[in-house]
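Student: Next come a sequence and a model predicted from it.
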Amino acid sequence: MTIRTETVEALHAVGRHLVAGQGPEPVSAATVAEAMAAFGAVDGPAAGLLRERLTGLRPTARWWEDELADDVPVRGEWWVCDATDGAVQYLSGLPHWAVTATLLADGEPVLSVVHGPLQGLTYDAVRGGGARLNGRPVAPLPRTLAASVAATAQPPLVAGDPVALRRAGESLSAVLPRVLAVRNLGPTALQVAHVGSGHLGAFWEYGRDATNLLPGALVAREAGAVVTDARGRPWTPGADGFVAAAPSLHRDLLDALSRVA
């Protein structure tokens, strides 16, 4: 059994644990502190289980503790994971959340898995080895921008970046007239992976959001999508903008985003 397959199985186990802990109704939390306490009671054990499983697969790889970091280590092997990517949706009783894991080698993702338990979707990718959805190879679908559903996400609020927030608003106004629809479908990693499988034509975001973007970025790139920053340069975890798009519409999306200062 390969580490790719074993990582998928590890995320499936964590997904089952989280599904069992999510009720059909929203968590009744009136404040941020109450919501975080409720989430921690579920996410803490899930994160512990994920760490136990993945450390067993790759004992030499260290564990990146900061799920909200805007950058990642550039030396050695590290697991960068999020046991419950989409905390807001999870607490709201919605199905749009995921379990993610990425193995970094000297700052580059070499293995990623993005698992959406309640949507029945599991993406996995290996650098140079392609991307799969539920075990089958995937690729972006050729579309025009006008016929595409694009997705975006708000900048990470933990960064408190007013420039990214402004660009997010300006970019929405710039893209909306050019596409069939714009949506925010929950976890960033899962939305980016959707570009690789053709479920979405494109995804863009402003702000530094390395840990959330890395898993989907490898999936999308290995599937054949074009992954860059918002100016068309190769995306790196430290970039302040992100674009993943089918090759047929990447240039047109960049043209729309060029209006953002």
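Tutor: Received it, and whenever you're ready, just let me know what you need. Small disclaimer: the values here were computed from a predicted structure and weren't measured.
Student: Could you list every helix and strand that the longest helix belonging to the chain packs against?
Tutor: Identified as the longest helix of the chain according to DSSP state H is helix 32-57. If you count contacts as 3 or more CB pairs under 8 Å, 6 or more residues apart in numbering; DSSP states H and E, helix 32-57 packs onto helix 3-21, strand 77-85, helix 87-91, strand 98-105. The C-beta positions use only the backbone N, C-alpha and C, and glycine is treated the same way.
Student: Show me the contact partners of the second one.
Tutor: By CB atoms under 8 Å, 6 or more residues apart in numbering, the surrounding residues in contact with strand 77-85 are 14, 18, 39, 42-43, 46-47, 49-51, 54-55, 58, 60-64, 67, 72, 90, 97-105, 187-190, 211-212, 214-215.
Student: quick one: pLDDT of residue 30?
Tutor: At residue 30, the model reports a pLDDT of 85.
Student: ok, it - how many residues close by?
Tutor: Neighbours of residue 30 under the rule other CB atoms under 10 Å: 7.
Student: rewinding a little: in PyMOL, how would I select just the buried ones from the contacts of strand 77-85?
Tutor: To isolate the buried members of those in PyMOL, using 16 or more other CB atoms under 10 Å:
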select buried, resi 14+18+39+42+43+46+47+49+50+51+54+58+61+64+67+72+90+97+98+99+100+101+102+103+104+187+188+189+190+211+212+214+215
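Student: Flag every buried residue along stretch 10-19.
Tutor: In stretch 10-19, counting by 16+ other CB under 10 Å, buried: 10-11, 13-15, 17-18.
Student: circling back to that earlier point, in the sheet, which strands lie alongside the next helix or strand after the longest helix of the chain, parallel or antiparallel?
Tutor: Note on helix 32-57: by DSSP states H and E, the next helix or strand toward the C-terminus is strand 62-63. Sheet neighbours of strand 62-63, with direction, are listed as strand 77-85 (parallel) (DSSP bridges).
Student: Check the offset of the partner strand from the chain's centre.
Tutor: Distance of strand 77-85 from the chain centroid (CA atoms, centre = their mean, to the nearest Å) equals 11 Å.
Student: Tell me which residues of it come out buried.
Tutor: Those would be 78-85, for strand 77-85 by 16+ other CB under 10 Å.
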